[in-house]
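A.B. asks: Structure for the following, please:
(one chain, ligands or ions: 1)
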Amino acid sequence: MTFTTRFAPSPTGPLHLGHAYSALLAHGMARAAGGRFLLRIDDLDQSRARAHWENQIYDDLRWLGITWDGPVRRQSDHFDDYRHALERLSRKGAVYPCSCKRRDIEAAASAQQEGVPSHGPDGPIYPGTCRHRRFEDRQSGDALRLNLDMACGAKMPSFHETGPDHTGDHQITGQYLKSCVGDPVLARPGMAASYNFSVVLDDAATEITHVVRGEDLFTASYIQCFFQWDMGLPAVTYHHHRLIRDESGKRLAKRDDARAIATYRADGATPQDVRRLVGL
Ligand code: GLU
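C.D. replies: A predicted model of the protein is given here:
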């Protein structure tokens, strides 16, 4: 299979040095392998996506010397695909609507009996409050979750990681998912899909073989690999790279305009200067 990777920024702010590193690394890996490099615009959250940030993404990437193969894929063009995939999945009976708000989940998680983990790496573990509800009874404003007790099997998937910190194979277990995440979200209220569900469908639709992205998304790979497996989609190889941090060791954020690629460009830096700054 042709090595195919992608860069998938959200158009909710300027690209910064962390994005430059991720895009340059993925692009370099694809070109070295004689493979394909795709660009996807992760504009799932329409309340935050802005056309001017999307245009700036194209400008910044071109300036960095990055070329992408084929048309750009925008998540907002695929909301119906996500809805259809959810309906297909729901026919297996493991998808249920959930009306719990974050504070309800926090409260229920903190009331868990001793010895039962209440928080995972991404926050409170969903305690299953709405599990008795049926997909058909979904109300507007509900999220959709996958019932892990029903979806986990005796045989579970694993994924291969080539990044520096977690190189090797990672077996997913029902116990890990239940003790770190709880029933994962497939669709957020008012949105066609959750981040984890949408990227799995997008990666499969575009025949991605390698996902190259920041270390902060490593734990998300467990959920994404599990969704792939549950829907019978092909597995991908992951490569989670180091994060670019500021002087105080904090990872760069979208609002960190000082490290925006556009700021470096405006200050007269060259693409080579940016490569050097990110250690390439
Ligand atoms: N859109 C995600 C982000 O900007 C990345 C998606 C992914 O690489 O899976 O963090």
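
A.B. asks: Look up the pLDDT of Leu252 for me, please.
C.D. replies: According to the prediction, Leu252 has pLDDT 77.

A.B. asks: swap in Val116?
C.D. replies: Value for Val116, per-residue pLDDT: 66.

A.B. asks: just Arg131 next, same as before
C.D. replies: The predicted local distance difference test score for Arg131 is 96.

A.B. asks: so how far is stretch 170-190 off the chain centroid?
C.D. replies: 13 Å (C-alpha atoms, centre = their mean, to the nearest Å).

A.B. asks: To clarify, my last question referred to stretch 205-218.
C.D. replies: Between the mean C-alpha point of stretch 205-218 and the mean C-alpha point of its chain there is a distance of 8 Å (C-alpha atoms, centre = their mean).

A.B. asks: which residues sit against it?
C.D. replies: 1-6, 8, 18, 22, 25-26, 29, 35, 38, 40, 73, 78, 81, 161, 163, 165-166, 202-203, 221, 234, 236-243, 251 (C-beta atoms under 8 Å, 6 or more residues apart in numbering). For glycine as for every other residue, the C-beta is placed from the backbone atoms N, C-alpha and C.

A.B. asks: Of these, keep whichever come out buried.
C.D. replies: Among the contacts of stretch 205-218, those scoring as buried are 3-6, 8, 18, 22, 25-26, 29, 35, 38, 40, 73, 78, 81, 161, 163, 202-203, 221, 236-241 (criterion: 16 or more other C-beta atoms under 10 Å).

A.B. asks: and the ligand, which of those residues reach it?
C.D. replies: With C-beta under 6 Å from any ligand atom as the criterion, the members of these in contact with the ligand are Ala8.

A.B. asks: Inside strands: which ones of the buried ones among the contacts of stretch 205-218?
C.D. replies: Secondary structure of the buried ones among the contacts of stretch 205-218 is defined by DSSP state E; positions in strands are Thr4, Thr5, Arg6, Leu38, Arg40, Arg73, Glu161, Thr237, Tyr238, His239, His240, His241.

A.B. asks: Same list (the residues you listed) but as a markdown table, adding pLDDT.
C.D. replies: What follows is those, written out as a markdown table (pLDDT from 0 to 100):
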| residue | pLDDT |
| --- | --- |
| Thr4 | 98 |
| Thr5 | 98 |
| Arg6 | 98 |
| Leu38 | 98 |
| Arg40 | 98 |
| Arg73 | 98 |
| Glu161 | 98 |
| Thr237 | 98 |
| Tyr238 | 98 |
| His239 | 98 |
| His240 | 98 |
| His241 | 98 |
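
A.B. asks: Which two of the residues you listed have the greatest separation?
C.D. replies: By the measure C-beta to C-beta, Arg73 and Glu161 form the most distant pair in these, at 24.3 Å.

A.B. asks: can you pull up the bridge partners for the nearest residue to Ala23 once chain neighbours are set aside?
C.D. replies: Using C-beta to C-beta, 6 or more residues apart in numbering and skipping residues adjacent in sequence, the residue nearest Ala23 is Phe7, 4.5 Å away. Per DSSP bridges, residues listed as beta-bridge partners of Phe7: Leu39.

A.B. asks: Contacts for stretch 153-162, please.
C.D. replies: Counting by C-beta under 8 Å, 6+ apart, the neighbours of stretch 153-162 from elsewhere in the structure are 167-174, 218, 221-222, 225-226, 228-229, 235-240.
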